[in-house]
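In: The sequence and its predicted three-dimensional model are supplied below.
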Amino acid sequence: MSSPPKSRQRSILLIASLVSSLVMLDSNVVAVSLPTIATSLQASFADMQWVVTAYVLPFAALLLAAGSFGDLYGRRRAVLLGQAIFAVASLLCALAVSPLMLNLARALQGVGAALLLTAALAIINHSFPPAERARAYAFWGASLGLAITCGPILGGVISSLFGWHWVFLINLPICAVLIVATLKVIPESSDPEAKRLDHAGVATFSSGLFLLTWAVIDGNALGWFAPAVLWRFGGGVALLAAFVAVERMQTRPMVDFGLFRSGNFVGSAFAMLGYAGGAQVMIFYLPLYLQNTYGYTPMIAGLAMLPFALPMLIVPRVGASLATTWSSRSILCLGLAITALANLALATLASAAASYLPFAIAMLCAGSGAGLLNGETAKAMQNAVPTQRAGMSSGLGATARFSGLLFGVAGLGAVLLAVTSKHITRVAGDWGIDIPAALAVAKRYTAGDVGGALQSLPAAMRDSVGDSLKAAFEAGFSAAALTAAAVAVTALILTRSLMKRSNTADQPIVSSSS
């Protein structure tokens, strides 16, 4: 592979990083706006989960297919198509008048985002030789950190001053600028050995992931042994098993299962899952905690997220420096250890109803762990895959990242709601309401609709139950943060066990069928 000139490389890296940042910006710019959206559209906690999940679900489900599409038809073409879909979907989100309309538009956004992220990562991998990828991915990680830093602030300011609809409308000029830049700067690249899109693989994997996520999201509301939940779990597992069988029959599969013989690849995949489910997921629940517990407006909550967000911008540079002497295994384990300890601190402080200052210090630690993991996980996974199959590599890495985020949002949301509901139902009798009414209050409060939760209570009780509601939510958040810490610890153990100690990356494994 002949690399572009240095000056061209820098421009390509900048555009590819901005494209990836757009995906991340739109996932977390919405997070701080969720309580405002819930109030505006009279949405439930489940509806608010779907604002996040409806975006991430098709995104994660289509990442492998998007990577294969870029390998086959061209990565620049995939970026341009993704930007066009993303812009149209953003406009539809802004025009939404119901939770269903918003979530359908968010799903379309996720389709565009899948094309954007996999193609952008493949372009970086194709444009830089292995020796230069550590710095390239550090810049990429810092760019995503900048999006994470700006997202909550931008979302809070826009929601407070202009309304939540403008959180989506801002994507239109951004997409227009990126489309022009992509056409001018990024050359076309593809995999010359790619023959066709794996339709059977796309159908089985995407459908299986959808059913599993649907089961997790509705499990807490319907009951984990409800028939609807059980058949979704069963169908999801069966479809993913069918996906493995289908891929093994392909002469050039969408996923090269030979990669799973690589300890470095599997270990970095677990690190990616730990990063997504233990660190990145907190982007969605920290703004909710800041608003529900401290009474912050969306704008102030966005600013209060800075201790978490700023390290996501700064720490990837530290990771790039460490990479000159440390192995990927060491950097990933350090990031996961910091993440686990930070989540433990967040859980302890929430249960103690601590003030903002100590909570901000814990957020700073959590952001530092996430900053170390962000770019390093992507680099470690990319280095285990042949360069010509960069689309598959970026698809696998992004699938691990956003599947972890998807189940993290659903799983932590289930824990948060279950524990909050348990505490509220304990005192429901004292409030003069029955259990179903108490559960309705818990769902509204957990969604961030504090006013709606209070309005559903008897008028005489509204002034006296605020502390009890807040304490119930703090207990729920503490349990969710402990769960995130457990995810990070599990990923740490698996990553440390599977990855090599040396700095030498695995040689890319070529498909046994090729």
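Out: Received, thanks.

In: Sort out which residues of the helix or strand harbouring Glu376 are buried, please.
Out: According to DSSP states H and E, Glu376 maps onto helix 356-382. Neighbour-count burial for helix 356-382, counted by 16 or more other Cβ atoms under 10 Å, picks out 359-360, 362-382. Heads up, the C-betas are built off the backbone N, CA and C, glycines and all.

In: same question, stretch 132-147
Out: Neighbour-count burial for stretch 132-147 flags 133-147 (criterion: 16+ other Cβ under 10 Å).

In: quick check: mean pLDDT across it?
Out: Averaged over stretch 132-147, pLDDT sits at 76.

In: residues making contact with it?
Out: By Cβ atoms under 8 Å, 6 or more residues apart in numbering, the surrounding residues in contact with stretch 132-147 are 3, 9, 13, 16-18, 20-22, 24-25, 28, 121, 124-125, 127-128, 309, 311-317, 319-320, 323-324, 371, 374-376, 378-379, 382-383.

In: buried subset of the residues you listed?
Out: So, by 16+ other Cβ under 10 Å, the buried ones in the contacts of stretch 132-147 are 9, 13, 16-18, 20-22, 24-25, 28, 121, 124-125, 127-128, 309, 311-313, 315-317, 319-320, 323, 371, 374-376, 378-379, 382-383.

In: Out of the residues you listed, list just those in helices.
Out: 9, 13, 16-18, 20-22, 24-25, 28, 121, 124-125, 127, 309, 311-313, 315-317, 319-320, 371, 374-376, 378-379, 382 (DSSP state H).

In: how would you label Leu197: helix, strand or coil?
Out: The three-state assignment at Leu197 reads coil, by DSSP: H, G, I helix; E, B strand; the rest coil.

In: Next up, phi/psi of it, please.
Out: Note on Leu197: backbone dihedrals following degrees, to the nearest 10 are phi -80, psi 140.

In: And the chain, what are its domain boundaries?
Out: Per automatic domain parsing, the structural domains of the chain span 9-198+250-423+471-498, 199-249.

In: Any chance of CSV for those, columns distance to Ala438?
Out: Below are the domains of the chain laid out as CSV (distance: least, Cβ to Cβ, whole Å):
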stretch, distance to Ala438
domain 9-198+250-423+471-498, 7
domain 199-249, 15
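
In: most packed of those domains?
Out: Comparing the domains of the chain by mean neighbour count (mean count of other Cβ atoms under 10 Å), domain 9-198+250-423+471-498 comes out on top with a mean of 22.

In: Please identify the helix or strand for the residue most central in space within the chain.
Out: Centroid-nearest residue in the chain, with Cα atoms, centre = their mean: Leu405, separated by 4.1 Å. Using DSSP H and E, the element containing Leu405 is helix 390-426.

In: any low-confidence regions in the stretch 201-350 of the chain?
Out: Counting by pLDDT under 70, the stretch 201-350 of the chain contains low-confidence ranges at 217, 220-221, 252.

In: which secondary structure elements does the helix holding Glu376 contact?
Out: helix 99-127, helix 133-161, helix 263-275, helix 282-294, helix 306-322, helix 328-351, helix 390-426 (3 or more Cβ pairs under 8 Å, 6 or more residues apart in numbering; DSSP states H and E).

In: quick one, it and helix 133-161 angle?
Out: Note on geometry: by axes from the mean of the first three to the mean of the last three Cα atoms, to 10 degrees, helix 356-382 and helix 133-161 are set 140 degrees apart in direction.

In: Taking helix 282-294 as reference, get the angle to helix 356-382.
Out: Using the same axes, to 10 degrees: helix 356-382 against helix 282-294 is 170 degrees.

In: Distance from helix 356-382 to the middle of the chain?
Out: Distance, stretch centre to chain centre, for helix 356-382: 13 Å (Cα atoms, centre = their mean, to the nearest Å).

In: what angle do it and helix 263-275 make?
Out: Helix 356-382 runs at 150 degrees relative to helix 263-275, counting by the same axes, to 10 degrees.

In: Could I get the pLDDT score of Leu91?
Out: pLDDT for Leu91: 95.

In: could we number from 35 for the rest of this?
Out: Let's use 35 as the start, then, which means that last one is Leu125.

In: distance between the helix or strand where it lies and the chain's centre?
Out: Secondary structure assignment for Leu125, by DSSP H and E: helix 109-128. Taking Cα atoms, centre = their mean, the mean C-alpha location of helix 109-128 is offset from the chain mean by 19 Å.

In: Then stretch 120-138?
Out: Stretch 120-138 sits 19 Å away from the centroid of its parent chain (Cα atoms, centre = their mean).

In: Do me a favour and get the end-to-end distance for that stretch?
Out: 13 Å (Cα to Cα, to the nearest Å).

In: who's in contact with it?
Out: Contacts with stretch 120-138, where a contact means Cβ under 8 Å, 6+ apart, come from 56, 60, 71, 75, 77-78, 81, 84-85, 88, 139-140, 142-143, 145-147, 150, 199-200, 202-203, 205-206, 209-210.

In: Please repeat the previous calculation with a cut-off of 6 Å.
Out: Stretch 120-138 is contacted from outside by 75, 77, 81, 84, 88, 139, 142-143, 146, 199, 202-203, 205-206, 209, using Cβ atoms under 6 Å, 6 or more residues apart in numbering.

In: so what's Ile119 up against?
Out: Neighbour list for Ile119: Val145, Gly146 [criterion: Cβ under 6 Å, 6+ apart].

In: Likewise for Ala432?
Out: For Ala432, the contacting residues are Leu97, Leu151, Thr152, by Cβ under 6 Å, 6+ apart.

In: Could you point out which residue ranges in the stretch 435-548 of the chain have low pLDDT?
Out: Ranges of the stretch 435-548 of the chain meeting pLDDT under 70: 481-498, 535-548.

In: For it, which segments are assigned as helices?
Out: Per DSSP state H, counting those that start in this stretch, the stretch 435-548 of the chain carries helices over the ranges 462-465, 469-480, 484-489, 500-532.
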